[in-house]
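1. How does the following fold in three dimensions:
(one chain, ligands or ions: 1)
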Amino acid sequence: MTVITDQSPVKFKDELPTSVEVIIIGGGVIGVCTAWFLAEKGVSVLICEKGRVAGEQSSRNWGWVRQQGRDAAELPIMMDSINAWEKISEEIGSEIGFKRQGIIYLAQHESELEEFEKWLETARLHQLDSHMLSREEVIDHINEKPGVWKGGMITPGDGRAEPFTAVPAIARNLQRKGVLVRENCAVRSIDTEAGKVAGVVTEHGRVKAQSVVCAGGAWSSVFMGNLDVKLPQLTVRATVARTEPSPDFYSGAAAGGGIAIRRRQDGGYTIAPGGTNEHFISADSFRYLFKFLPVIRASARSFRLGFGDDFIKGMLPTRHWSADEITPFEKTRVLNPKPSKNGLAKMRAGLRKYMPSLADVPFAETWAGMIDVTPDVVPVMDEVAAYPGLFLATGFSGHGFGFGPGAGRVMSNMVMGGQPEYELDRFRLSRFTDGTPMVPGPGL
Ligand SMILES: Cc1cc2nc3c(=O)[nH]c(=O)nc-3n(C[C@H](O)[C@H](O)[C@H](O)COP(=O)(O)OP(=O)(O)OC[C@H]3O[C@@H](n4cnc5c(N)ncnc54)[C@H](O)[C@@H]3O)c2cc1C
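-> Residues are numbered from 1 along each chain as shown. Below you'll find the model as predicted:
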């Protein structure tokens, strides 16, 4: 398996119906998992994906299913999410690639250990199995360059899954349960009747629905902008590589010293330069600058600014279109940024310095993804006040893969008008406009 692009074959070709109960915009982990829980409730669902199911972030990520280091408001949802991954994996099988092999954060400095200790207070509130590791205990788990790490933090119950295959496998399973999935099907806009959502306009025609969920990842802000709904969201490029099969020196995932690794089901490792976020300047950078200042300050060491290939295009005002026009969603079927040369060099240097078993193992494939980030690095999961019946599930800010089933459960419940199972105030859309101070979630 390799990374999914617009050259990958179209595999989901269901005919568009005239109407369904719920339409989901976006076939990433969030859209597909929302459909999973709606289907469990017997609701009829159509997923429209402009390119390929999981073609963007949901197949390009590291595959960490992580409770460790989560924002306090996300943690209870995430704890249910990882249990849901386990159940989905039992039902679907090896394509999910789910295993609980633990996640370790490694520390070289006292200040990092202090940060971990601080977060453990949140873990303890929820009886999570996270705990600190001494220098010797780190070596018991990862015996690479013994002694280089002062200590660490581990969550043994954390997991991993296989991004290239997991979400498409869930989508195929959903089709067998009657959920309709259509690739190469951009949603251009929504239809309204009597001030309420009545359906969507796709590039292939209209479909009626009582509710619409926008789970458009990095495109959600553009989609909402066309409806005059403000959603501050910026994108950052993150570069990833996978190695050839290599010795199994640690079966979980770990990060430290600016390098992140995860054991893969195929016997290789997924590698990334931890904490490198490259934002390419666009009109939105200026539009949302003030909202993002707290998070830019908090992540100043890892934040890089650059000019992307589409710099000029990114500065143009393409915020509005009519439903019979070709939209930005049809012009870019799958966001497929080039991996960063610096990022790849940083990975190789990090492996040589900290993970000698992988020092010279070739990269079998390299790729990059565009992460959608909100000003407080936690998602939006809410109904849009201006359009009753339109729901937003987006801005998962680099940690939505593990959170997917949890978010899917939240959204399915919200769409069906159920009592919320969690405290969702932190995920309101209105926090960006009602004067709420932006408090970034943990950058762990
Ligand atoms: C390099 C990288 C590493 C990461 N590592 C991790 C990790 O280890 N663990 C973790 O939990 N998270 C990780 N993440 C984050 C995680 O991948 C994302 O948060 C998650 O996949 C977001 O899912 P999504 O469904 O919201 O968005 P996406 O997967 O981006 O899906 C959105 C989909 O919507 C479609 N779409 C958009 N607009 C329209 C439209 N108008 N009509 C039809 N379709 C539309 C897009 O084509 C896209 O396929 C990482 C992300 C990246 C890029």
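2. check contacts around residue 177.
-> With contacts taken as CB atoms under 8 Å, 6 or more residues apart in numbering, residue 177 has the following neighbours: residue 39. All C-beta spots, glycine's among them, are computed from the backbone N, C-alpha and C.
3. gap between it and the ligand?
-> 19 Å (CB to the nearest ligand atom, to the nearest Å).
4. Can you give me the pLDDT of that residue?
-> Taken from the predicted model, the pLDDT recorded for residue 177 is 97.
5. next one: phi and psi at it?
-> Main-chain dihedrals, residue 177, degrees, to the nearest 10: phi -90, psi 0.
6. Can I get the helix ranked longest in the chain as CSV, trimmed to CA atoms?
-> As far as residue count goes, and with DSSP state H defining each element, the longest helix of the chain is helix 75-92. Backbone C-alpha positions of helix 75-92 (Å, rounded to 0.1, in the frame of the first residue of the first chain) are rendered in CSV as follows:
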residue,chain,number,x,y,z
LEU,A,75,-9.6,13.3,26.9
PRO,A,76,-12.9,11.7,28.0
ILE,A,77,-14.0,11.6,24.3
MET,A,78,-10.6,10.2,23.3
MET,A,79,-10.8,7.4,25.9
ASP,A,80,-14.1,6.3,24.4
SER,A,81,-12.6,6.8,20.9
ILE,A,82,-9.8,4.3,21.5
ASN,A,83,-12.3,1.7,22.8
ALA,A,84,-14.3,2.3,19.6
TRP,A,85,-11.2,1.7,17.5
GLU,A,86,-10.8,-1.6,19.2
LYS,A,87,-14.5,-2.6,18.5
ILE,A,88,-14.2,-1.4,14.8
SER,A,89,-11.0,-3.4,14.5
GLU,A,90,-12.7,-6.5,15.9
GLU,A,91,-15.5,-6.2,13.3
ILE,A,92,-13.3,-5.3,10.3
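7. Now it: buried residues?
-> When burial is assessed from 16 or more other CB atoms under 10 Å, helix 75-92 yields the following buried residues: 75-79, 81-82, 84-86, 88-89, 92.
8. what's the helix or strand containing residue 367 packed up against?
-> Residue 367 is part of strand 363-373 when elements are defined by DSSP states H and E. Using 3 or more CB pairs under 8 Å, 6 or more residues apart in numbering; DSSP states H and E as the contact test, the elements touching strand 363-373 are helix 57-60, strand 234-243, helix 341-354.
9. can you tell me if the shortest one touches the ligand.
-> This means helix 57-60. Yes: judged by CB under 6 Å from any ligand atom, helix 57-60 comes into contact with the ligand at 57-58, 60.
10. hmm, back to that, following the chain onward from the strand holding residue 367, which element is next?
-> On the C-terminal side of strand 363-373, the nearest following helix or strand under DSSP H and E is strand 380-383.
11. Where does the stretch 201-350 of the chain get nearest to the ligand, which residue?
-> residue 217 (2.5 Å; CB to the nearest ligand atom).
12. Wait, that residue touches residue 57, no?
-> Yes: with contact defined as CB atoms under 8 Å, residue 217 and residue 57 form a contacting pair (5.5 Å).
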